[in-house]
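**Student:** my questions are about this predicted structure, shown below with the sequence.
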Amino acid sequence: MKTPRPSARLEPLSQLRNLKMARSAHAYVRGSTVQFYEWLHSQPGRNLPKGPAVWICGDCHAGNLGPTGDLKGRIDIHIRDLDQTVIGNPAHDLVRLALSLATAARGSDLPGVATARMLEEMMRGYEQAFEDDVDKEPPRPAQVKAGMRSAVQRTWKHLAQERIESTKPTIPLGKHFWSLSREERSALKTLCATPDLHTLVTSLKGRNKDDRVKMLDSAYWVKGCSSLGLKRYAVLLGVGEGDDQEYCLLDIKEAIAAAAPRVARAAMPRDNGKRVVEGARFLSPGLGNRMIATRVLDHGFFIRELLPQDMKLELDQLSQTDAMLAAGYLARVVGLAHARQMDMSTRASWMRELQACRSKTLDAPSWLWTSVVQLVGKHEKGYLEHCRRYALEH
């Protein structure tokens, strides 16, 4: 296909984002981060408890959790998308996760009572992360088991076929990759010659710090949903030489100001790329240690090498049992990311806050249930209007 000129990307990217969000109510929730935070700034959203100030994901929907690898080759389920990370209120992550789980349940045609049970399991899983015996892992739902199985078995060839649809040392232009301007290509080439990038790439297990790193190809990457329209590049590198050469795929993503509200006077980097990397190192250290921040053409970016083990969990066609297991398991992952930033007294205080405001009929905070009910209705209306405005034209 003919790719748009670099100067004419914005309109087709906007159209593509709108069509992606029209695919399902769950897709709409994943792509409507700003609308979620508009609700948080409204009167109902202001009634949430004020949790301790910690780094939060800021966009903690279920699709932003999944298997990730670390520098030593270990794999586990972590928060894997930190664009919106800020020092903020952990309650915001809980509500965002609960909303995405509720829409996943609706997409699986589960009864309304399943959503209530999912919120109960979600709170149990989250609170388990603050207990002493955090090494005792709860049962993994089928989707998590399948994701971990796939992650362990994947190789560079799987990543290449999935991401660039080729195992050749080139990035084919087409639907997912568009041409670069001369200025962009030159800036990326300069970036790939920097010591920081060399250190990042050669720090992966099995590579030598003296390995030669060379840029083989690069392209504009049409990827994601809420981030479509931002600058994003794919860079293919060769690491080493001759028969020992490995290929490496970099995701170079523009960092902009977070929509997630931050705690007043929080000490965070002013540079958005550095903010994302620092938040990642607190929330998902294995991933954060594989990232660096930089500037390209006077824009802030963060960079990571994509590993075959980095995957997104798909919560499609859930049974009620799997929905409840998934809610508890994913909330525990988020809880561990929050808990590691708190001392024991702060943990205890936050747990007391979460245990309050529960009714005889629902073992979850009333503010969480009320928030999800309001948000599901708000997003359902927004989704139908979005479909009328954008999907009917195609």
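**Tutor:** Yep, it's here.
**Student:** OK, contacts around the residue nearest to residue 107 when sequence neighbours are not counted?
**Tutor:** In space, and not counting its chain neighbours, residue 107 is closest to residue 26: 4.8 Å by CB to CB, 6 or more residues apart in numbering. The way it works is simple: take the backbone N, C-alpha and C, and place the C-beta from them, glycine included. Contact partners of residue 26, counting by CB atoms under 8 Å, 6 or more residues apart in numbering, are 100, 103-104, 106-107, 315.
**Student:** and residue 26, helix, strand or coil?
**Tutor:** Per DSSP: H, G, I helix; E, B strand; the rest coil, the secondary structure class of residue 26 is helix.
**Student:** ok, it to residue 182 distance?
**Tutor:** 40 Å (CB to CB, to the nearest Å).
**Student:** let me see the ranges of the helices in the stretch 151-300 of the chain.
**Tutor:** Secondary structure of the stretch 151-300 of the chain (DSSP state H, counting those that start in this stretch): helices at 156-163, 182-192, 195-202, 272-283, 285-288.
**Student:** make TSV from the ones you listed and add mean neighbour count to it.
**Tutor:** Listed next are the helices of the stretch 151-300 of the chain as TSV, based on neighbours: other CB atoms under 10 Å:
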stretch	mean neighbour count
helix 156-163	15
helix 182-192	15
helix 195-202	16
helix 272-283	23
helix 285-288	19
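**Student:** mind putting those helices into TSV with distance to residue 31?
**Tutor:** As requested, those are exported to TSV (distance: least, CB to CB, whole Å):
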stretch	distance to residue 31
helix 156-163	21
helix 182-192	25
helix 195-202	29
helix 272-283	19
helix 285-288	22
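**Student:** out of the ones you listed, flag the one nearest residue 311.
**Tutor:** Nearest to residue 311 among these is helix 156-163; the distance by CB to CB comes to 9.2 Å.
**Student:** where's the dip in pLDDT among the contacts of residue 26?
**Tutor:** In terms of pLDDT, the lowest of the contacts of residue 26 is residue 315, showing 73.
**Student:** any idea which element that one lies in?
**Tutor:** Using DSSP states H and E, residue 315 sits in no helix or strand.
**Student:** how about it, what does it touch?
**Tutor:** 26, 62-63, 101, 104, 108, 143, 323, 326.
**Student:** among those residues, which lie within strands?
**Tutor:** Assigned to strands by DSSP state E, none of those qualify.
**Student:** other residues contacting stretch 352-359?
**Tutor:** Under CB under 8 Å, 6+ apart, the answer for stretch 352-359 is 49, 51, 123, 126-127, 364-367.
**Student:** how about that stretch: buried residues?
**Tutor:** Buried residues in stretch 352-359, counting neighbours by 16 or more other CB atoms under 10 Å, are found at 354, 358.
**Student:** start to end distance for that stretch?
**Tutor:** Length of stretch 352-359, first residue to last, CA to CA, to the nearest Å: 15 Å.
**Student:** 234 is where my numbering starts, stick with that
**Tutor:** Will do, 234 is the new start, and the previous item becomes stretch 585-592.
**Student:** mean confidence for that stretch?
**Tutor:** Mean predicted confidence for stretch 585-592 is 88.
**Student:** re earlier: which one of the contacts of residue 259 is nearest residue 521?
**Tutor:** Nearest member of the contacts of residue 259 to residue 521, counting by CB to CB, is residue 333, at 22.3 Å.
**Student:** how deep is that closest one tucked in, by neighbour count?
**Tutor:** 23 (other CB atoms under 10 Å).
**Student:** so what's it up against?
**Tutor:** 259, 262-263, 293-296.
**Student:** which one of these is nearest residue 277?
**Tutor:** Using CB to CB, these come closest to residue 277 at residue 262, 17.1 Å.
**Student:** let me know the closest of the contacts of residue 333 to residue 478.
**Tutor:** Nearest to residue 478 among the contacts of residue 333, with distances taken as CB to CB, is residue 296, at 33.8 Å.
**Student:** the closest one against residue 545, yeah?
**Tutor:** Yes: using CB atoms under 8 Å, residue 296 is in contact with residue 545, at 5.7 Å.
**Student:** please say which of those two ends up with more neighbours.
**Tutor:** Between residue 296 and residue 545, counted using other CB under 10 Å, residue 296 has the larger neighbour count: 20 against 14.
**Student:** that one: what's it in contact with?
**Tutor:** Residue 296 sits in contact with 263, 314, 333, 545-546, 548, where contact means CB under 8 Å, 6+ apart.
**Student:** what does residue 449 give?
**Tutor:** Per CB under 8 Å, 6+ apart, neighbours of residue 449: 402-403, 469-471, 480.
**Student:** just the ones of these in strands?
**Tutor:** Using DSSP E, the contacts of residue 449 in strands are 469-471, 480.
**Student:** TSV please, covering these and showing distance to residue 450.
**Tutor:** Shown next, in TSV, are the ones in strands among the contacts of residue 449 (distance: CB to CB, whole Å):
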residue	distance to residue 450
469	5
470	9
471	10
480	10
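**Student:** of those, closest to residue 572?
**Tutor:** Nearest member of the ones in strands among the contacts of residue 449 to residue 572, counting by CB to CB, is residue 470, at 36.3 Å.
**Student:** give me the pLDDT for that closest one.
**Tutor:** pLDDT at residue 470 comes out at 93.
**Student:** partner residues bridging it?
**Tutor:** residue 448, residue 481 (DSSP bridges).
**Student:** show me where the stretch 284-433 of the chain dips below the pLDDT cut-off.
**Tutor:** 365-371, 384-386, 388-389, 391-401 (pLDDT under 70).
**Student:** what are the ranges of the strands in it?
**Tutor:** With strands called from DSSP state E, counting those that start in this stretch, the stretch 284-433 of the chain shows them at 287-289, 298-302, 308-312, 319-321, 410-411.
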